[in-house]
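Trainee: Test case, fold it:
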Amino acid sequence: MTTVMLFAASTAVATLIGGTAAFRLRERTHLVLAFTSGALLGIVCFDLLPELFALSHRQDVDVQSGMAALVVGFLLLYGIGRFAVPAEPRADRHHHPRIGLLSALALVGHSFSDGVGIGLGFRISEAIGTVVAAAVIAHDFADGFNTVTLMVTHDNTRHRSLVLLLLDAGAPVTGALLALSVPIPEHLMTLYLGFFAGCLLHIATTHLSPEDGHRNGSRGAEIALICTGVAFARLVQSAVPQGSP
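Mentor: Numbers count the residues shown, from 1 in each chain. Sure, this is the predicted structure:
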């Protein structure tokens, strides 16, 4: 129990450090967003989806259910986002406080699922739990960075952004405690992974991608940073020993 909570607390520290870095880089948010977009896309493609397929294979269940959950997550966030934007025309419809809040909450949900994964891993064995925790800590810096960037870019206040950062930091701890104390059917993890993969895929492709006709002078740099973000996510994923609950 103590070991699990130490790892969970480490994820919270990594998240807070990432969020603090985002606050300090506010003037270059458009470049940060490009990197973030690529990093989130990489997390979905190199982390969540492979784990979804592997978990479906181990449980001998149809992966289509997990992919259906991915579509539900993508479309649900898309639909909520559409209703969250005011009906009146805006020159900058992609940047609205409620859009940032919903996107950041999706990342909080992802961090919560990370904590659940840590708890489930340690319920199986200490070795598996340690590997899962290492993977979570490796990308929770990006989770904190992404949460603050989403909030600030969508015109949320610094205070509200800090609140979401604290929620994101505490989510893995809560998830780990839940997984250790409440029986959670493992077969639900395929649906869980698919759902949050869909949410993050929507964030990466819709809310974080640079808009056409905006910051013309930075297009080349933004494209390069998107590619760099994808490569970074792949590098982190390949550097961490593989294993999961």
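
Trainee: shouldn't residue 112 be in contact with residue 171?
Mentor: Yes: between residue 112 and residue 171 there is a contact under CB atoms under 8 Å: 4.1 Å. Heads up, the C-betas are built off the backbone N, CA and C, glycines and all.

Trainee: Which residue of those two possesses the greater neighbour count?
Mentor: residue 171 (27 against 22; other CB atoms under 10 Å).

Trainee: Which residues are in contact with the more buried one?
Mentor: By CB atoms under 8 Å, 6 or more residues apart in numbering, the residues touching residue 171 are 108, 109, 111, 112, 114, 115.

Trainee: Figure out the helix or strand that it lives in.
Mentor: According to DSSP states H and E, residue 171 maps onto helix 158-181.

Trainee: Report the buried residues of the helix or strand that that helix is followed by.
Mentor: Where DSSP H and E defines the elements, the next helix or strand beyond helix 158-181 is helix 188-202. Neighbour-count burial for helix 188-202, counted by 16 or more other CB atoms under 10 Å, picks out 189-202.

Trainee: I'd like those residues as JSON lines, with distance to residue 132 and pLDDT appended.
Mentor: Formatted as JSON lines, the buried residues of helix 188-202 follow (distance: CB to CB, whole Å; pLDDT from 0 to 100):
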{"residue": "189", "distance to residue 132": "12", "pLDDT": "76"}
{"residue": "190", "distance to residue 132": "16", "pLDDT": "82"}
{"residue": "191", "distance to residue 132": "18", "pLDDT": "85"}
{"residue": "192", "distance to residue 132": "14", "pLDDT": "77"}
{"residue": "193", "distance to residue 132": "13", "pLDDT": "79"}
{"residue": "194", "distance to residue 132": "18", "pLDDT": "86"}
{"residue": "195", "distance to residue 132": "19", "pLDDT": "84"}
{"residue": "196", "distance to residue 132": "15", "pLDDT": "77"}
{"residue": "197", "distance to residue 132": "17", "pLDDT": "83"}
{"residue": "198", "distance to residue 132": "21", "pLDDT": "87"}
{"residue": "199", "distance to residue 132": "20", "pLDDT": "79"}
{"residue": "200", "distance to residue 132": "18", "pLDDT": "78"}
{"residue": "201", "distance to residue 132": "22", "pLDDT": "87"}
{"residue": "202", "distance to residue 132": "25", "pLDDT": "83"}
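
Trainee: Could I get the residues you listed in CSV, plus columns for distance to residue 3?
Mentor: What follows is these, written out as CSV (distance: CB to CB, whole Å):
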residue, distance to residue 3
189, 21
190, 27
191, 28
192, 23
193, 24
194, 29
195, 29
196, 25
197, 28
198, 32
199, 30
200, 28
201, 33
202, 35
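
Trainee: For the residue positioned nearest the centre of the chain, which non-adjacent residue is closest in space?
Mentor: Central residue of the chain (CA atoms, centre = their mean): residue 107, 4.3 Å from the mean position. Excluding the flanking residues, the one nearest residue 107 by CB to CB, 6 or more residues apart in numbering is residue 147, at 5.1 Å.

Trainee: Over whichever helix or strand that neighbour is part of, what's the mean pLDDT, rounded is fine.
Mentor: If you go by DSSP H and E, residue 147 is part of helix 126-153. Helix 126-153 shows an average pLDDT of 75 in the prediction.
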